[in-house]
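>>> quick one: sequence plus predicted model below, questions after.
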Amino acid sequence: QVQLVESGGGLVQAGGSLRLSCAASGRTFSSYVMGWFRQAPGKEREFVASISRSGSRTYYADSVKGRFTISRDNAKNTVYLQMNSLKPEDTAVYSCAASMVGGTHQDDYDYWGQGTQVTVSS
């Protein structure tokens, strides 16, 4: 079992920045590929970014590429999502997830946090 707890969400103006954190407890954090997903009201959950076990490889949705950066600190059992140049369309509940295999689909992930709300005002 892995327990995931997100933090760092909030209200920000367009063009601003936020950094989300996801703290993990339970089994070995470094054994998991970590991902961030988001779900806007009335929309399906979508992939945002993922990072390999060592942190050497990252993947991004086209919609956030160049603006968001995913990173992890295995010593602190934490994964981060730095979000810059935020847009109103980035408004969503952001959730972190852990996977033994990685991927861009939510079915690839085994454990989920409860989510944190990000609201970007225009």
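Great, that's in hand.

>>> gap between the two ends of stretch 113-122?
28 Å (C-alpha to C-alpha, to the nearest Å).

>>> please compute how far that stretch lies from its chain's middle.
Centroid separation for stretch 113-122 versus its chain: 11 Å, with C-alpha atoms, centre = their mean, to the nearest Å.

>>> what's it in contact with?
With contacts defined as C-beta atoms under 8 Å, 6 or more residues apart in numbering, stretch 113-122 is touched by 4-14, 16, 18, 20, 22, 38-39, 83, 86-97. Using the backbone N, CA and C atoms, a C-beta is placed for each residue, glycine as well.

>>> what about 7 Å?
Stretch 113-122 has contacts (C-beta atoms under 7 Å, 6 or more residues apart in numbering) with 4-9, 11-14, 18, 20, 22, 86-88, 90-96.

>>> quick one: residue 111 from residue 36, how far?
Plainly put, residue 111 is 13 Å away from residue 36 if you go by C-beta to C-beta, to the nearest Å.

>>> those two: which has the busier surroundings?
residue 36 (26 against 18; other C-beta atoms under 10 Å).

>>> just the ones in strands from the contacts of stretch 113-122, please.
Judged by DSSP state E, strands contain the following of those: 4-7, 11-13, 18, 20, 22, 92-96.

>>> residues in contact with the residue nearest in space to the middle of the chain?
In the chain, the centroid-proximal residue (C-alpha atoms, centre = their mean) is residue 36; its distance is 2.4 Å. For residue 36, the contact set (C-beta under 7 Å, 6+ apart) comprises 48, 49, 70, 81, 94, 96.
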